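In: Following is a predicted model, sequence given first.
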Amino acid sequence: MTEPTVGIVGIGTYFPQQVEVAADLVERTQIPAEILHQKMGIRQRHIAGEGDTVSYMATQAAKRAIEQAGIDPAEIDMVISHGSEYKDHVVWNAAGKIQQDVGAVNAFGFEMYALCAGAPIAINIARSMMIADPSLKTVLLAAGSRENDLVNLGNPRVRFMYNFGAGGGAMILRRGHDKNLVLGASAITDGSLSETVMLTREEDALDGDPVKGDYYGMLDVRNMAYMGERLGETSMDNFLKVMRTAVEKSGYTLDDVAFLGITHMKRSFYNDLVAAIGLTPEQSVYLEDYGHVQSVDQVLTLELGLAQGKIKPGDLVLLTGAGTGYTWSSIAVRWG
């Protein structure tokens, strides 16, 4: 029996109007603007306003994805929220709010959370459920993040989070669609790093008012030396492993990949990764004008890659991420 196909029929993003450029961060970080831009990859980032909640940003992106797909929201059978745990309320299912606000009145909704590795995993979960259950014909994936609120720019332990920005992203999947096919996926977790990054209330991690709505504390790093050493030893290998496995599950090799959509990271490591799978910067998008927007990054790179003519019909696309926990993930898409 032939397995049904699952394809992408619409994508969308949303970003708040307020923008901070590298020069705006110099005083708080004590890092020159040139270093922020050239080495850390921060040319600018979007900053959420008061009304830009995680569910609102995810909803706005979802509405754009629905419009691009040309569907009635009532057609949606399932909503998966894979955005930030720092959301409108604690102990709360953001998927229900997104579902209500887009008008997906016939759907059910739930959350899955894998931090910045979440998008490829959420896409794979949706695809797997759609293949297993014929009643799931149309699925909405949506994410929002404003975790930059939780980063003290004066805390040097969280320098790798200075690139955090705010925004939302969404994708519509359709069972039986014969274009933009979602293919193989892979993920790996190194649990020895599970308690290296978390929300804390340590005095030197806090900045101004540590109370953000229902949340109290700021992001911080514990055991920095171990985290740096362990990631230095494993991160490149784990990125390559999940990317290679995803394409091999799809019946291809890394030589077949035409475009890489990947989490924002420092420029040198990004360049090394792109080169390691045999691509050039023209076959990827570096998110220096957005920063790192958690699991929004992958749909954003897809949107920008299409807009810039870097993704063409027939291209094998790899959407790849990594997040504290520490998890690496990747999923292949045959575009067109």
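Out: Good, I have the coordinates.
In: distance between the helix or strand of the chain with the lowest mean pLDDT and the chain's centre?
Out: In the chain, the helix or strand scored least confidently by mean pLDDT, DSSP states H and E is strand 211-212, which has a mean of 91. Relative to its parent chain, strand 211-212 has a centroid offset of 24 Å by C-alpha atoms, centre = their mean, to the nearest Å.
In: residues in contact with the helix or strand that that strand is followed by?
Out: Per DSSP states H and E, the first helix or strand lying C-terminal to strand 211-212 is strand 215-216. Residues outside strand 215-216 that contact it (C-beta atoms under 8 Å, 6 or more residues apart in numbering) are 86, 90, 150, 199, 201, 210. Any C-beta I mention is one placed from the backbone N, CA and C, and that applies to glycine too.
In: Work out the gap between strand 215-216 and the centre of the chain.
Out: 23 Å.
In: In its sheet, which strands sit next to it, and in what direction?
Out: strand 211-212 (antiparallel) (DSSP bridges).
In: Can you name the residues that contact the residue nearest to residue 277 when sequence neighbours are not counted?
Out: Once flanking residues are discounted, residue 277 sits nearest to residue 254: 4.9 Å by C-beta to C-beta, 6 or more residues apart in numbering. Contact analysis of residue 254 by C-beta under 8 Å, 6+ apart lists 243-244, 247, 277-278.
In: my read is residue 74 is in a helix, agree?
Out: Yes - Residue 74 sits within a helix when classified using DSSP: H, G, I helix; E, B strand; the rest coil.
In: quick one: it and residue 105 touch, right?
Out: Yes - counting by C-beta atoms under 8 Å, residue 74 does reach residue 105; the two are 5.6 Å apart.
In: overlap in contacts of these two?
Out: Counting by C-beta under 8 Å, 6+ apart, residue 74 and residue 105 have no common neighbour.
In: before we move on, back to that, of the contacts of strand 215-216, closest to residue 226?
Out: residue 199 (19.2 Å; C-beta to C-beta).
In: right, and the helix or strand after the strand or helix carrying residue 67?
Out: In this assignment (DSSP H and E), residue 67 forms part of helix 54-69. Following helix 54-69 in sequence order, the next helix or strand is strand 78-81 (DSSP H and E).
In: ok, and what's touching the helix or strand that comes right after that following strand?
Out: Downstream of strand 78-81, the first helix or strand assigned by DSSP H and E is helix 94-102. The list of residues contacting helix 94-102 from outside it, by C-beta under 8 Å, 6+ apart, reads 54-56, 58-59, 62-63, 66, 73, 76, 79-81, 83, 87-88, 107-111, 140, 142, 144.
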